[in-house]
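>>> sequence plus predicted model, see below.
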Amino acid sequence: MPLAVTHVLATIILVDLYRDYFAKKKGYFTLHTILIAGIGGLLPDIDVPINWVLDVIGQPLQIMQHGGITHTPFFSFLFIIPGLLLWKKGKRKEAVYFYVIAFGILLHISLDFVLGGGMYEGVMWFFPFSFTASKIHLMSNLNISNMFAGIDAIILLLWLWHEEVKHKILDFI
């Protein structure tokens with residue numbers, strides 16, 4: 001299962017690459033926006049601390065199990081709606097915050113779907129219309145210890161290399 005760092009870094013990197021190479025209005029993608037995107041990449045795992053609280057008070061909910069409702073496109077859609085409303089009101093920068101959170105959520109569940117993670121049965125892509133879950137879980141068949149920690153390290157090093165080439169981060173040391 002991808003670790004929290006993978007979810008955060010993958011989202012930050014993809015949004016940052018979008019900002020650097022594709023965005024026409026770079027002002028919508030500040031460093032603050034990139035941070036919010038990273039938080040959005042981890043947001044589906046909010047079900048873990050919510051479950052802790054529900055277990056303590058004796059009210060566990062099946063839909064709040066890890067990989068449940070927060071690991072669905074429906075959860076992402078809950079952030080797209082306010083983004084659309086803000087965009088329509090002309091608050092574009094604020095709308096982009098909601099869009100990058102929605103993107104982070106979708107990337108998170110896609111990583112869990114492909115690599116393994118979330119609910120064992122997979123991702124409920126069509127929730128709330130269907131509770132059927134599907135998965136690929138490519139990494140579950142490979143029995144490599146510390147594989148996801150290694151993936152984190154590779155992602156981090158590649159991103160740092162990109163940042164040095166594109167933004168000259170060594171100038172800040």
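Received the coordinates, thanks.

>>> for the rest of this, base every contact and every neighbour count on C-alpha atoms.
Fine.

>>> just the pLDDT for the closest residue to Leu156 other than its chain neighbours.
Leaving aside its chain neighbours, Leu156 sits nearest to Leu9 (7.1 Å; criterion: Cα to Cα, 6 or more residues apart in numbering). Among the per-residue scores, Leu9 shows a pLDDT of 91.

>>> for the one helix or strand in the chain whose mean pLDDT sits lowest, packing partners?
Using mean pLDDT, DSSP states H and E, the weakest-scoring helix or strand in the chain turns out to be helix 147-167, at a mean of 82. Helices and strands touching helix 147-167, by 3 or more Cα pairs under 8 Å, 6 or more residues apart in numbering; DSSP states H and E, are helix 4-21.

>>> got the buried residues for the helix or strand that the helix it packs on is followed by?
Moving toward the C-terminus from helix 4-21, the first helix or strand encountered (DSSP states H and E) is helix 31-42. Across helix 31-42, burial judged by 16 or more other Cα atoms under 10 Å covers Thr33, Ile34, Leu35, Ile36, Ala37, Gly38, Ile39, Gly40, Gly41, Leu42.

>>> and the third one, what is it in contact with?
For Leu35, the residues meeting the contact criterion (Cα atoms under 8 Å, 6 or more residues apart in numbering) are Ile12.

>>> now do the fifth one
Applying Cα under 8 Å, 6+ apart, one finds that Ala37 lies in contact with Val8, Thr11, Ile12, Val15, Tyr97, Val100, Ile101, Phe103, Gly104.

>>> got the buried residues for stretch 45-52?
Asp45, Asp47, Ile50, Asn51.
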